[in-house]
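Engineer: Output the structure for:
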Amino acid sequence: MIITWKSFLLICCLAILSVDSRKRRTAQDCNSPESHHKSISGFVGYGWDALQSKHTYPILSLNFSLCQKTGDGKYLVPHGIRAAKIESQHVQKRASEFDNLNAVLQDRQNSIAPGIDIPVLGPVSIGGSFSASFIDIKQTMTRRKTGLKSFKFIRESYELAAMDGEVPILNAFNENILEIAEAISSNLSLRADYLTQRMVMQYGTHIITKATLGAMLERLDYTKLSEENTNTTDEVGAGVKLKLGAVVPMVDEVGLELGLGRKGLDGTFGKSLNETKTHDEIRIGTFTFKEQVKNELYDFDVQEVAGLRYNVKSLSEIITRSAFPSLDAAIIEEIRENLNNAVAAYYNANTINGCMNPKATNFNFQANLEDGSCKFPAKPPLFGGFYRECSYEGGREKIDTLHEKVLLKMQQLFVKTEKKRCHHYHIHHMVTKQFSCPQGFNAILLHSYTFVHKVDSYSQTEDGDDPVIQESRYKLNTYWCQRDASSPSAFDANRMLFGGFYRIPGIDPLSDKGNSMMHSEYRCPSHFKSFHFLGDTFICISPNYRNEQAFEVELGGIYSCQSSLDDQICPSGYESKFLVAIDDCKIHNCTLINSMNIDLSPQKIKLPPYFQYDFSVPLEKKDSSFHQFITILIFISICLISLNIFDCAN
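Structural biologist: Model prediction:
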C-alpha cells in the first residue's frame, strides 16, 4: 500500500489534533458502564504548604490520556505518574511518647521529607505548626495539662512518583512564571517580588513529587505529665540542608505491650490507659480496622486510600531551562532566587520564638519555634493530706429564773451535748484515720478558728416559759501535711493526691446541712473524696493510687495570714492564688504560673504578599490560551492550504 503525500499530511494533522484533545481527558472518560475505577490523583504534582501541612493547587498538568491503572487494576493513574503496589501485607505499628509541644511538632513533620540536598528555607521546625491537627493536639495538651502517647497502625498500599520530564507544567503556573520573568526583564523588581510572594500564597512552599498511599489509625492518649522537666530544643535552623533522599521512616517496628487494660482496640494500648485523662482517634483513609486481640493480629480492609507520607521539592527546583525554554538562564536564576526569598519571608513572618514546654513557667502557647528559654518551677514539698481537730472551749447559759437546781441540771446536760457536737467537726486524716500525718510528713498548722454556736430555747418554770440562750465555743485547728525533706525518699509513697478546690457559695459547712456534704464526691474527679476545708471551700483528695494520678493537680503549698512569714512564700515557678477568707484572715494556695486562664486561641497565619503594589499601569499580558488557539488555527489552515496545493499539482 502506497501512502501519498496528501494522506501522510492529513494523518499528521489529525494526530496533532488528537494529542491536543487527549490532554484534556479525565478519569471519567476512562470508565465505561460495565467497569468503574476510582482514580488516585490529587497527591503528586500538587503544591504543598509546609506551614499548614496541606495541598494547594495543581502544578503539573495531569491527565488520564492512557487510562493506565495500578498493577492490581483497582485505581486509574494519571499519565506521567509511576504507581507501584506495595506488596507487604504487614501492618506497621508505632508507639511514641511526648511531654512537650516541640517534640510533637517534630514527629508530625516526619510525614514530609524534602528531596536530596534541597535547602529548606526558614526555620525547619515550624513546619506544620499551623496545621489543624497540630493545633488541636496543642490545645488539648495545654488545656488538660497532659503529655501525649501516640499509637499508630499503618497499612501502606501504593507508592506514586512523578517521572521527570514526562509531565508538563500547567498553563496557569506557566503564566505566573512568565509574568514574573517579564517584570524582571523590565527591571520592575518590586513587581517581581510581589508576584512571587503571591505565587507562594497560592501554591505554597513546595511541590509534591512522591507519595505513599494507604490507611492509618492513630490513637492519641493524653496522659499525666511526668514529674521530670525535659525540654527538647531543635538545632536545625535556617539555611540548613536536609539530606533525606529516602523518605523519612514514618513508622518503626516496635513491640507494643498488648492485651492489657480494656478489651478490643483499647486493650492494644494497655498500660497508658491507667494514666489517660482523655483520648482521641485520627483516621486517614476509608477503612475497617480488623483485630484479633487473642492472637495480636491486626489488619485493614481499605475502601479508599489516602496520603500517608510525601516527598517534596522546593518550588524553585522546577524552574529550569527545559521547563521554560523561552527564558534566558539569567532570568531563570533570578526567578528561582525570588521564589526562595518569598518562601523564606513566609517562614519568617510566621515564626514565633518561645518556650514550647507546657510544664515551664514561661510557656508560650503561641510559640512554634523552641528557643531553649524554658524555665521550670522548683519542685515543691509533696502534699500529704490534711486533718482538722475540734476542741470544746466551754459554754455559757443565760436564764431568767431563780430555780438554781434547774439551771445547774440544764448546764450539765448542755455541756455533755455540746461536747458530742464537736465530733461533727472533726476530720481525721484520710489514710492514718487519726489527727496525724503519714510517716515522713510534718503537720503544719494552717489556720486556727474559734466560733460560737448559739441555741435559743425555753425552760418551763412555775412562772411560765423563760427564754434560755445557750452559747458554745469551739476551736477548729486545720493542719496540712508537708513532706519532711530530711526523711528518707521511700516515704514519698505516703503522699496524697490533690484534686483541686471548689466552693459552694451560700452553704454553711459548719451547719448540719454542710456537714452532710463533707464526704460526698461533689465536683471532685473520679474516685477523689470531698472534704470540707475552710469557709465555704471544699478540697478533693485521694490516696496515692496509680489509677488516680492522671487527675492530680499541681499544688505548691497552702498558707494563711496565721502562717509564718517564711511559709507565706510560694516556690519558684508558682504563684499565690486567693482561696477563701475567714474573719478577714485570707488563705492562699500556690499554683503553677500559667496553669490557669491560658489563651488557647491559635495564632492566625500571615499569608503573603507582605506589601502593597500599585498595578495601575499593568504590563501587557499575553493570553496563552488565546495564542494556543490561534496557533492551532494557523496550523490547520496550513494543512488545508497544503492539501489544496497537492490537489492543484495533481
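
Engineer: Which residue ranges of the stretch 151-300 of the chain form helices?
Structural biologist: 171-185, 189-203, 265-268 (DSSP state H, counting those that start in this stretch).

Engineer: P602 contacts I135, correct?
Structural biologist: Yes: assessed by Cβ atoms under 8 Å, P602 is found in contact with I135 at 4.7 Å. For glycine as for every other residue, the C-beta is placed from the backbone atoms N, C-alpha and C.

Engineer: where's K606, which helix or strand?
Structural biologist: Here K606 sits in a region with no helix or strand, counting by DSSP states H and E.

Engineer: Please state the backbone phi and psi of it?
Structural biologist: For K606, the backbone dihedrals (degrees, to the nearest 10) come out as phi -100, psi 110.

Engineer: got a list of contacts for the helix or strand hosting D136?
Structural biologist: Using DSSP H and E, D136 sits within helix 132-144. Here helix 132-144 makes contact (Cβ atoms under 8 Å, 6 or more residues apart in numbering) with 53, 101, 104-105, 108, 128, 146-148, 220, 222, 277-278, 280, 282, 358, 363, 365, 598, 600, 602.

Engineer: where does this structure have low pLDDT?
Structural biologist: For the chain, applying pLDDT under 70 flags the ranges 1-25, 33-35, 111-125, 226-277, 292-296, 395-419, 455-469, 507-522, 594-597, 617-650.

Engineer: quick one, helices of it?
Structural biologist: 5-22, 27-30, 101-108, 132-144, 171-185, 189-203, 265-268, 329-349, 404-421, 512-515, 624-649 (DSSP state H).

Engineer: Number of residues surrounding F376?
Structural biologist: When neighbours are defined as other Cβ atoms under 10 Å, F376 has 18 of them.

Engineer: Same question for the one 4 residues further on.
Structural biologist: Residues lying near P380 (other Cβ under 10 Å) number 19.

Engineer: now S526
Structural biologist: 11.

Engineer: Pretty sure A550 is one of the things it touches, is it not?
Structural biologist: No: applying Cβ under 8 Å, one finds S526 not in contact with A550, separated by 9.5 Å.

Engineer: E281: what's it in contact with?
Structural biologist: The contact partners of E281, by Cβ under 8 Å, 6+ apart, come to L217, E218, R219, L220.

Engineer: thought the third one was touching S150?
Structural biologist: To tie it back to what came earlier, the one meant is R219. Yes: applying Cβ under 8 Å, one finds R219 in contact with S150, separated by 7.4 Å.

Engineer: Y387 versus E337, what's the distance?
Structural biologist: Applying Cβ to Cβ, to the nearest Å, the value for E337 to Y387 is 73 Å.

Engineer: Between these two, which has more neighbouring residues?
Structural biologist: For E337 and Y387, the more surrounded residue by other Cβ under 10 Å is Y387, and the numbers stand at 22 against 13.

Engineer: re earlier: among the contacts of E281, which ones are buried?
Structural biologist: L217, E218, R219, L220 (16 or more other Cβ atoms under 10 Å).

Engineer: how far away is the most centrally placed residue in the chain from I593?
Structural biologist: The chain has I137 as the residue nearest its centroid, 1.4 Å off, counting by Cα atoms, centre = their mean. Going from I137 to I593 by Cβ to Cβ gives 23 Å.
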